[in-house]
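> Pasting the sequence and the predicted coordinates here, then a few questions.
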Amino acid sequence: MGKHRRAMAKVRVQGRREFSPGGQMQGIVQVDRVALHPVGELPLDPTAKPIWELVQDIMKDVPNEQLDRLPVDGAGNHDHYIYGTPKRAP
């Protein structure tokens, strides 16, 4: 029996995915970029925007009236709002 050497790596795929109503990934719709990385942490991208700037960009056109309609118990009952499970007692 011969010896087999296997290298381990992470594959990072950027693109669009399709999800079921329950939140399970159904498949990849579009692949924009594929990168192979050694096992361990992915390298830091110094050009990437901080997450708070991404959220600001996404939310910049949302009217305050829409934000006022968001539930105030969203953190404690996120499963209820995402998956329809019963609300947790306060």
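Cool, got the structure.
> Which helix or strand lies directly C-terminal to the longest helix anywhere in the chain?
Longest helix of the chain, by residue count under DSSP state H: helix 51-59. Following helix 51-59 in sequence order, the next helix or strand is helix 64-68 (DSSP states H and E).
> who touches the helix or strand just after that following helix?
Downstream of helix 64-68, the first helix or strand assigned by DSSP H and E is helix 78-83. Helix 78-83 has contacts (C-beta atoms under 8 Å, 6 or more residues apart in numbering) with Gly22, Gly23, Pro71, Gly74, Thr85, Pro86, Lys87, Arg88. For glycine as for every other residue, the C-beta is placed from the backbone atoms N, C-alpha and C.
> which of those lies closest to Leu44?
Taking C-beta to C-beta as the measure, Leu44 sits nearest to Gly23 out of the contacts of helix 78-83, at 28.3 Å.
> so how many other residues sit close to that closest one?
Using other C-beta atoms under 10 Å, Gly23 is surrounded by 8 other residues.
> gap between Lys10 and Lys60?
Per C-beta to C-beta, to the nearest Å, Lys10 is found 33 Å from Lys60.
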